[in-house]
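# sequence-free structure coming up:
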């Protein structure tokens, strides 16, 4: 299988750098093909702007959505963007690896998403009708592929627990899992999170690699997070609110996971 | 009062550009002093890296935290970072204005946070002991100041409602409100969010400015989001989990808001 690893850390001789090398080796040893987009090494342009098209602006002012659509449809995207899209289409699985900075991905990786996720490629795909609201949230250009995060953080696991002060890690990552990965169609695996990176010694590093290695071995078989597809009947269209008879009275991100008890109902 | 507006949109002749100009005018007409950090116009460097210090790396490899601390403590920060910190210290209120891209702030603004929020300035402040875990979450360098988001999005309000498919807007913004603004001490006001920006005509724009104007008039008096301070007894230290007798059985981001009923308890 083909794996694209998009990696965002400025120092190769870091924990993240070592884990990146380990990940590539493990996947290649299992016979997979791996491409790495090492964003810092590539000097990736982080900020989305009018220079992302090689053509003239469509109108008298730059429109981030419409100019993205125009560039995508007419082969006018800047070369770095088109190349990353090609890698995404090649890949059977995508891994995003990064340190959690201020409770989200580093700016350079956020800029990869913003620029590579063009209108017509990752959003604005499919028809809008009474029964569908585009091909997104479970459908789209990248449907059938898998994705997983590898995330490091200096904080303790309890700080990111159900009652931890930072907020639960699954909720902090929901905008990435659901809003960035599930949105254009990926099946999203539970994240691999390494806490308290300041306390990493050789023994703990070996154990971390052991666990990560198992996660990589199971990349193709592990069950994804059971997000609800948008167009399969659970959501009212066009309000896109979850039907009142599903998980009644609940709110919040967890609402968008299919609960195991639901599959029992008629 | 002094207001710093940090603004992230690539096109001045956009809805965001118009709202930025309106905001500055309204605040200045009320007698306030305003500085604008227009990140795209400034060509703000988005990616945190070793060049953020004018000195040599502290060790044999770049460490994002320790090199940030060293640069901050020794006056070695790059000039653009030091200047933004000076603006933050000058300001009585901070406004972050941006279009919601992939359910978070644009990369260029995330990079402003990562680079300006130096170790010793916005994190790693204060003592760690049995009773305190640093000056953060309600305490810190920026305590006593207020902050507010102005956010635009193409999606409908119902898509961001309590049961909307994108997730509730308050939960999507929690990592920014709590993790980026409350963390170094800001009192955080409820956000001003404009939905469905593709359907903005002159009448709706006038009504939007009217409402935004009122929010700006009330910047100094509106009650902030009642986040729980870290070191005032609600959290166990060092686990930093909310005490079991507070909001028992609940989980999720809302746990970190003081509920109105709690103030009644002994």
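Perfect, I can see it now. As the structure is a prediction and not an experimental result, all values here were calculated from the model.

# what's in contact with stretch A:74-94?
A:1-4, A:6, A:35, A:37, A:42, A:44-45, A:51-55, A:70-71, A:112, A:115-116, A:118, A:121, A:141-142, A:145-148, A:181, A:186, A:219-220 (C-beta atoms under 8 Å, 6 or more residues apart in numbering or on different chains). The C-beta positions use only the backbone N, C-alpha and C, and glycine is treated the same way.

# contact distance from chain B - what residues of the stretch 151-266 of chain A qualify?
By C-beta under 8 Å from any C-beta of the partner chain, the residues of the stretch 151-266 of chain A that approach chain B are A:154, A:156, A:158-159, A:161-168, A:171-172, A:174-175, A:178-180, A:230, A:235, A:238-242, A:251-256.

# can you rerun that using 6 Å?
Within the stretch 151-266 of chain A, the residues that sit near chain B (C-beta under 6 Å from any C-beta of the partner chain) are A:158-159, A:162-165, A:167, A:172, A:175, A:179-180, A:235, A:239-242, A:251-253.

# taking the residues you listed, please make a PyMOL selection of just the buried ones.
Buried residues within those, by 16 or more other C-beta atoms under 10 Å in any protein chain shown, are selected in PyMOL with:
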select buried, chain A and resi 158+159+162+163+164+165+167+172+175+179+180+235+239+240+241+242+251+252+253
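
# quick one, strands of chain A?
Here chain A has its strands, by DSSP state E, at A:2-7, A:33-38, A:93-99, A:146-152, A:187-188, A:192-194.

# mind putting those strands in TSV, mean neighbour count and mean pLDDT included?
Listed next are these as TSV, based on neighbours: other C-beta atoms under 10 Å in any protein chain shown; pLDDT from 0 to 100:
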stretch	mean neighbour count	mean pLDDT
strand A:2-7	22	98
strand A:33-38	17	98
strand A:93-99	23	98
strand A:146-152	22	98
strand A:187-188	21	98
strand A:192-194	19	98
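
# distance to residue B:261 added to those, as a markdown table?
Output for the strands of chain A, formatted as a markdown table (distance: least, C-beta to C-beta, whole Å):
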| stretch | distance to residue B:261 |
| --- | --- |
| strand A:2-7 | 45 |
| strand A:33-38 | 50 |
| strand A:93-99 | 39 |
| strand A:146-152 | 36 |
| strand A:187-188 | 37 |
| strand A:192-194 | 34 |
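
# and residue A:211, which of those strands is closest to it?
strand A:192-194 (7.6 Å; C-beta to C-beta).

# tell me the strands beside the closest one, with direction?
The strands beside strand A:192-194 in its sheet (DSSP bridges) come out as strand A:146-152 (parallel).

# name the residues that touch the partner strand?
Residues from elsewhere that reach strand A:146-152, judged by C-beta atoms under 6 Å, 6 or more residues apart in numbering or on different chains: A:16, A:93-97, A:99-100, A:181, A:186-189, A:191-194, A:197.

# could you rerun that using 8 Å?
A:15-16, A:19, A:23, A:92-100, A:173, A:176-177, A:181, A:186-194, A:197, A:212, A:215, A:219-220, A:224.

# same check, this time on stretch A:116-135
A:65-66, A:68-69, A:71-73, A:77, A:81, A:84-85, A:88, A:136, A:139-143, A:180, A:183-185, A:230-231, A:237-238, A:240, B:102.

# how does it look with 7 Å?
A:65, A:68-69, A:72-73, A:77, A:81, A:84-85, A:136, A:139-141, A:184, A:230-231, A:237-238, A:240, B:102 (C-beta atoms under 7 Å, 6 or more residues apart in numbering or on different chains).

# so how far is that stretch from its chain's centroid?
17 Å (C-alpha atoms, centre = their mean, to the nearest Å).

# got the buried residues for it?
A:116, A:117, A:118, A:119, A:121, A:122, A:123, A:124, A:125, A:133, A:134, A:135.

# residues touching the residue of chain A most remote from its centre, list them.
Centroid-distance maximum for chain A: residue A:60 at 33.4 Å, with C-alpha atoms, centre = their mean. With contact set as C-beta under 7 Å, 6+ apart, residue A:60 has no partners.

# how close does the spatially most central residue of chain A sit to residue B:110?
In chain A, the residue lying closest to the centroid (C-alpha atoms, centre = their mean) is residue A:181, at 3.7 Å. In this view, residue A:181 and residue B:110 are 18 Å apart by C-beta to C-beta, to the nearest Å.

# low-confidence ranges, chain A, go.
Applying pLDDT under 70 to chain A picks out residues A:263-266.

# tell me where it has helices.
Assigned by DSSP state H, chain A shows helices spanning A:15-29, A:64-73, A:79-90, A:107-116, A:169-176, A:202-217.

# just want the angle from the first one to strand A:146-152.
So the one you mean is helix A:15-29. 150 degrees (axes from the mean of the first three to the mean of the last three C-alpha atoms, to 10 degrees).

# what is helix A:15-29 packed up against?
Secondary-structure packing of helix A:15-29 (3 or more C-beta pairs under 7 Å, 6 or more residues apart in numbering or on different chains; DSSP states H and E): strand A:2-7, strand A:33-38, strand A:93-99, strand A:146-152, helix A:202-217.

# please redo it, this time with the cut-off set to 10 Å
strand A:2-7, strand A:33-38, strand A:93-99, strand A:146-152, strand A:192-194, helix A:202-217 (3 or more C-beta pairs under 10 Å, 6 or more residues apart in numbering or on different chains; DSSP states H and E).

# check the offset of it from the chain's centre.
On C-alpha atoms, centre = their mean, the centre of helix A:15-29 falls 19 Å from the chain's centre.

# for it, buried residues please.
Buried-residue list, helix A:15-29, by 16+ other C-beta under 10 Å: A:15, A:16, A:17, A:19, A:20, A:22, A:23, A:24, A:26, A:27.

# before we move on, what about the third one?
By neighbour count on 16+ other C-beta under 10 Å, the buried set for helix A:79-90 is A:80, A:81, A:82, A:84, A:85, A:87, A:88.

# off-centre distance for that helix?
Taking the mean of its C-alpha atoms, helix A:79-90 sits 15 Å from the chain's own mean (C-alpha atoms, centre = their mean).

# what about the closest residue to residue A:4 other than its chain neighbours, distance to residue A:238?
Excluding its sequence neighbours, the residue lying closest to residue A:4 (C-beta to C-beta, 6 or more residues apart in numbering or on different chains) is residue A:91, at 3.9 Å. Between residue A:91 and residue A:238 the distance is 32 Å, computed by C-beta to C-beta.

# just residue A:246 next, same as before
Taking C-beta to C-beta, one finds residue A:246 at 18 Å from residue A:238.

# try residue A:185
Distance, residue A:185 to residue A:238, using C-beta to C-beta: 20 Å.

# who has more neighbours, these two?
The residue with more neighbours, out of residue A:185 and residue A:238, is residue A:185; 21 against 14, by other C-beta atoms under 10 Å in any protein chain shown.

# so the more buried one sits right up against residue A:139, yeah?
Yes: between residue A:185 and residue A:139 a contact is recorded at 5.7 Å, counting by C-beta atoms under 10 Å.

# common neighbours of those two, please.
The overlap between the contact sets of residue A:185 and residue A:139 (C-beta atoms under 10 Å, 6 or more residues apart in numbering or on different chains) consists of A:125, A:229.
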